[in-house]
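Engineer: pasted the sequence and its predicted model underneath.
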Amino acid sequence: MKTPPPALALFLSSAVLASGCASSLEVPIETPLKSKLDVSKFRRVLVAGFVTDLADEGIDLAPETSRLLQNQLRSASKLQVIEPDRPPLNQALAKAFKQAEDVRVTREDRDRYRAEGERILGDGAFWRKLGEEYQNPLIVTGKLTFEEQNRSGFQQESSYTRDSRGRVREVRGNRYADRKAFTLSADFSFIDGATGRLLHKERFSEEVVYGEEQKVSPLSSYFELMDRLLPNFLGVISPQKIRGTRVLLP
Amino acid sequence: MTRFRFLPLFAPLLLLSVSLAHADGDKDAKKEIAFGIDVARRGLWQEARFRFEMATTKNPESASAFNNLGVTLEQQGEFDKARAAYERALQLEPKNLSIQQNYDLFREADEKRNRKLKKDAAPKAAPTPDPASPMGPELVTVR
């Protein structure tokens, strides 16, 4: 019996496969995910600033985060975003904790600063007053920590070599590797500007580890971490979507 | 007894008419499904849902109709109904890998949603104060 040439066989088999595949259709779908917080009663949103560490890791954490969140909220939520000249919480903290430039501060100073920040965060009267000033918006505030951590240490490595008989052998060993990590922790608080009452509080934490060959500045690492964290933040006040594909059958 | 003597004559006719009706229903259901797929491809999910619902009514044994209905219901956020539709489709065709794959992906997404809801419902832990450092005062520069 004469066998068909390979090109024809390939064509025939692909045609059979195609006819089978053409019968079902893969479609992209987006399933809705409700926002955690019902913000329908608010028309405006105010990012009021954040309590941070007194000594930062090379970036102005509170204003950078406020600016970034304002931008995100502008595109991802229907609320009108209020843009104060300076985050009100950080203004209040600066008033309560006046420091001269280039003065060394002790751990006690940092603790006092943090404690003052925590006190303001829990001060309903402060938020109510701020809400009055900005026509009862939804207020976004909280605490932020951004840290660099040393993750250097011995790492297990394996390599392959050929022995005298030409056989491949795995050689295992340990090597010291310089690594650093950046962690970003954010405790977001969502406050009703009309009452000063806390509506929702949530903590998000992200970490990124860099190898010795990667020279990454704290600022770019901060943006990388915020990029990961933002969808979770936005999911609190605006509906999100889970994307996927499904198969429709004839 | 004489009343039933023509029964053997009519029985095949009865069976034939039933099977023809079923074939008609299946043909109609397939038409609805084809149209439903066409509109779903263009993102008209409400119309697609209507067509797949019609298909399940016209042929309640069509696994494809229930599978496709499950997809449209999932797209529209009606997750309980979508689960029921996928499960019915799997009941009708337990060995269909496409239906099984849709159902698995649906369950995965559903678990993700439920995890999120459970996490939100969980009571929030009271803030813990930072423990005093044994290191003593640390000097840092204010920027």
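Structural biologist: Cool, the structure landed.

Engineer: show me the shaky parts of chain A.
Structural biologist: Residues of chain A meeting the criterion pLDDT under 70: A:1-22, A:55-57, A:98-103, A:105.

Engineer: ok, residue 106 - how many residues close by?
Structural biologist: You didn't pick a chain, so chain A it is. 14 (other C-beta atoms under 10 Å in any protein chain shown). Just so you know, the C-beta spots here come from the backbone N, C-alpha and C atoms, and that holds for glycine as well.

Engineer: ah, I was thinking of chain B
Structural biologist: B:Phe106 has 23 neighbouring residues, counting by other C-beta under 10 Å.

Engineer: which SS class is A:Glu207?
Structural biologist: Under DSSP: H, G, I helix; E, B strand; the rest coil, the three-state class of A:Glu207 is strand.

Engineer: against A:Glu148, how distant is it?
Structural biologist: Separation of A:Glu207 from A:Glu148 (C-beta to C-beta, to the nearest Å): 11 Å.

Engineer: what residues sit buried inside stretch A:36-53?
Structural biologist: Residues of stretch A:36-53 classed as buried: A:36-37, A:39, A:42, A:44-53 (neighbour count, 16 or more other C-beta atoms under 10 Å in any protein chain shown).

Engineer: go on, stretch A:109-126?
Structural biologist: Neighbour counts using 16+ other C-beta under 10 Å place A:Asp109, A:Arg110, A:Tyr113, A:Arg114, A:Gly117, A:Ile120, A:Leu121, A:Phe126 of stretch A:109-126 among the buried residues.

Engineer: and those as a markdown table, adding distance to chain B?
Structural biologist: Output for these, formatted as a markdown table (distance: C-beta to the nearest C-beta, whole Å):
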| residue | distance to chain B |
| --- | --- |
| A:Asp109 | 9 |
| A:Arg110 | 7 |
| A:Tyr113 | 10 |
| A:Arg114 | 8 |
| A:Gly117 | 12 |
| A:Ile120 | 14 |
| A:Leu121 | 10 |
| A:Phe126 | 18 |
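
Engineer: sorry, back to before: shared neighbours, A:Glu207 and A:Glu148?
Structural biologist: The contact sets of A:Glu207 and A:Glu148 overlap at A:Ala181, A:Phe182 (C-beta atoms under 8 Å, 6 or more residues apart in numbering or on different chains).

Engineer: coming back round to it: which of the buried residues of stretch A:36-53 are close to chain B?
Structural biologist: A:Lys36 (C-beta under 8 Å from any C-beta of the partner chain).

Engineer: contact residues of chain A facing chain B?
Structural biologist: Selection of chain A residues close to chain B by C-beta under 8 Å from any C-beta yields A:24-25, A:27, A:29-33, A:36, A:54-56, A:60, A:99, A:101-108, A:110-111, A:114, A:118, A:201, A:235, A:242, A:244-250.

Engineer: list the ones among these that fall in strands.
Structural biologist: Those of the residues of chain A next to chain B mapping onto strands are A:25, A:27, A:29-33, A:104-105, A:201, A:242, A:244-248, per DSSP state E.

Engineer: follow-up on the earlier one: tell me the buried residues within the residues of chain A next to chain B.
Structural biologist: A:25, A:27, A:29, A:31, A:33, A:36, A:54-56, A:105, A:107, A:110, A:114, A:235, A:244, A:246-249.
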